[in-house]
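Chemist: Pasted the sequence and its predicted model underneath.
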Amino acid sequence: MKIHLYTDGSAKGNPGKGGLGIVLISGKHYKEISQGFRHTTNNRMELLAVIVGLETLNNINSLVEVFSDSKYVVDAVEKKWVFSWEKKNFKGKKNSDLWKRFLIIYRKHKVSFNWVKGHAGQVENEKCDALAVEASENEQLLIDHGYENAINSNSLF
């Protein structure tokens, strides 16, 4: 049975506090997931939402249709840019930690991507947006180690 994975990410300030929202639907099964981070970017949250959604799946080789309003994520996969980046070991590419993590879980399933227009009334996308924003406003926020380590390594001190 096909799994529909709806995702969205947000960051206030970009970079700033961020969040991700996920809705998984398969037949009668429905699951919502959200996580908030203290310092990150919108693109990282968009990509991490897809990763976390795929990592949530219990069965390998699941047939998954991803719906995302992120051209960054959808185009990178559908236009096969990420595979070229991988061949070059992601040299000069942002978010390489997440793209490497994405490729590991992506290859465990049969995944297709669909771009959806954000904030256009698509019910599940709107729900994901609300989950992501709400998660970013939590008091207990996770650390996006990949992002924070990258900015700290560029520090002068």
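Modeler: Yes, it's here. Everything numeric in this text was worked out from a predicted model, so none of it was measured. Residues are numbered from 1 along each chain as shown.

Chemist: For the chain, just list every one of the helices.
Modeler: 42-56, 71-78, 81-87, 96-106, 123-136, 145-153 (DSSP state H).

Chemist: Please name every helix or strand in contact with the shortest one.
Modeler: Here helix 81-87 is seen to pack against helix 71-78, helix 96-106 when contacts are counted using 3 or more Cβ pairs under 8 Å, 6 or more residues apart in numbering; DSSP states H and E. No exception for glycine: its C-beta is placed from N, CA and C like everyone else's.

Chemist: would CSV of the ones you listed with mean pLDDT and mean neighbour count be doable?
Modeler: Output for the helices and strands packed on helix 81-87, formatted as CSV (pLDDT from 0 to 100; neighbours: other Cβ atoms under 10 Å):
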stretch, mean pLDDT, mean neighbour count
helix 71-78, 98, 18
helix 96-106, 98, 17
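
Chemist: Tabulate those in CSV, adding columns for distance to Val64.
Modeler: Listed next are the helices and strands packed on helix 81-87 as CSV, based on distance: least, Cβ to Cβ, whole Å:
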stretch, distance to Val64
helix 71-78, 12
helix 96-106, 9
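
Chemist: so which of these gets nearest Leu63?
Modeler: Closest to Leu63 of the helices and strands packed on helix 81-87 is helix 96-106 (Cβ to Cβ; 13.2 Å).

Chemist: Specify the angle between the closest one and helix 71-78 in degrees.
Modeler: In terms of direction (axes from the mean of the first three to the mean of the last three Cα atoms, to 10 degrees), helix 96-106 departs from helix 71-78 by 50 degrees.

Chemist: Any figure for the gap between the residue nearest to Leu54 when sequence neighbours are not counted and Lys88?
Modeler: Excluding its sequence neighbours, the residue lying closest to Leu54 (Cβ to Cβ, 6 or more residues apart in numbering) is Ile105, at 4.4 Å. Remark: distance between Ile105 and Lys88 (Cβ to Cβ, to the nearest Å) = 21 Å.
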